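> I need the structure of the sequence given here:
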Amino acid sequence: MANPNAPDGINVSFRHGAALLEGSVQLFPGTRAVVMMLPDGTAGRRAPDASFLESAMNRAGFATLTFGALTASEEAQDARDFRYRFDVDLLVGRTVAAVDFITTFRQTTGLPLGLLGIGIGASAALGAAAQRPDLPRAVVSVRGRTDMAWSSLARVQVPTLLVVGEKDTRSAVLNEMAARAIPGETSYVVIPGAGRYLDEVGALQAVADLASSWFERHLVPVPVG
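As a prediction, this is how the structure comes out:
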């Protein structure tokens with residue numbers, strides 16, 4: 001499914017209540033699936049791990065949507081008092097709004113959708129998958145804060161890949177528990193020798209390879225004939 005051509009970047013915006021959220025879609029001609037990127041914390045689209053994984057998804061031939069979960073004023077407020085970064089209900093609501101947007105966006109409507117969440121972004125992905133069980137077809141959680149999505153896990157029916165670093169023992173315990181709590185298909189994978197942020201040499205590439213394979217398996221239709 002690899003596509004050697006650079007994607008076309010499209011700036012987009014959509015609303016969640018009164019908040020206007022801005023993002024970008026990286027789109028290929030003939031793209032067969034879309035992956036929504038949900039970074040950790042308030043770094044959002046600027047986070048190095050999110051940028052790396054988005055580029056990897058594009059190289060694998062997936063269109064991507066990235067968006068800022070907070071408005072500019074909310075980001076400024078959060079920088080002062082952490083008001084929003086742990087507000088999972090807000091983040092899930094905005095992820096659901098993004099799901100509704102990208103599944104009706106003219107250039108991507110009808111395309112299978114996957115969610116790739118990192119850290120707190122993974123909890124938002126799992127919450128959105130629980131609220132919109134008929135829209136995302138697969139979830140990838142990278143060092144996910146599954147404890148922040150615990151009340152949603154029993155309603156997650158889509159195939160879910162949970163990836164953690166071997167040395168991140170807290171996340172390992174939480175994600176192994178989450179894999180048992182999710183009723184849909186799950187796969188729990190530990191990256192050998194990797195720590196919390198998966199910043200060791202080769203660790204993020206291993207995550208990218210796992211995520212690409214998971215989305216290829218669950219999002220891309222198998223040709224008939």
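
> which SSE is the residue lying closest to Asp199 once chain neighbours are set aside in?
Counting by CB to CB, 6 or more residues apart in numbering, Asp199 lies nearest to Asp49, which is 7.6 Å off, once chain neighbours are set aside. For every residue, glycine as well, the C-beta is placed using N, CA and C. Using DSSP states H and E, Asp49 sits in helix 48-59.

> where does this structure have its least confident helix or strand?
Least confident helix or strand, the chain: helix 72-81 with a mean of 92, by mean pLDDT, DSSP states H and E.

> tell me which residues of that helix are tucked away?
Buried residues in helix 72-81, counted by 16 or more other CB atoms under 10 Å: 74-75, 78.

> pLDDT of the helix or strand harbouring Gln205, averaged?
Assigned by DSSP H and E, Gln205 belongs to helix 203-219. Helix 203-219 carries an average pLDDT of 98.

> packing partners for that helix?
helix 48-59, strand 113-118, strand 136-142, strand 160-165, strand 186-191 (3 or more CB pairs under 8 Å, 6 or more residues apart in numbering; DSSP states H and E).

> Using PDB, list the CA coordinates for the least confident helix or strand of the chain.
What follows is helix 72-81, C-alpha atoms only, in PDB (Å, rounded to 0.1, in the frame of the first residue of the first chain):
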ATOM      1  CA  ALA A  72      -5.700  29.000  21.300                       C
ATOM      2  CA  SER A  73      -7.200  30.600  24.400                       C
ATOM      3  CA  GLU A  74      -7.700  27.200  26.000                       C
ATOM      4  CA  GLU A  75      -4.100  26.300  25.300                       C
ATOM      5  CA  ALA A  76      -2.900  29.500  27.000                       C
ATOM      6  CA  GLN A  77      -5.100  28.800  30.000                       C
ATOM      7  CA  ASP A  78      -4.000  25.200  30.200                       C
ATOM      8  CA  ALA A  79      -0.300  26.400  30.100                       C
ATOM      9  CA  ARG A  80      -1.100  28.300  33.300                       C
ATOM     10  CA  ASP A  81      -3.200  25.900  35.300                       C
END
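
> and the spatially most central residue of the chain, what pLDDT?
Residue closest to the average C-alpha location in the chain (CA atoms, centre = their mean): Leu116, at 2.0 Å. pLDDT for Leu116: 99.

> Could you report the neighbour count for the nearest residue to His218 once chain neighbours are set aside?
Leaving out its chain neighbours, the residue that sits closest to His218 by CB to CB, 6+ apart is Ala138, at 3.8 Å. Per other CB atoms under 10 Å, the neighbour tally for Ala138 reads 25.

> Then Phe82?
Neighbour tally, Phe82, other CB under 10 Å: 12.

> residues contacting it?
Listed by CB atoms under 8 Å, 6 or more residues apart in numbering, Phe82 has no contact partners.

> Ala63 touches Gly30, doesn't it?
No. With contact defined as CB atoms under 8 Å, Ala63 and Gly30 do not form a contacting pair (10.1 Å).

> Look at the two and report which has more neighbours.
Ala63 (25 against 8).

> pLDDT wise, what is that one at?
So Ala63 comes in at 97 (pLDDT).

> bridging residues for it?
Here Ala63 sits in beta bridges with Val34, going by DSSP bridges.
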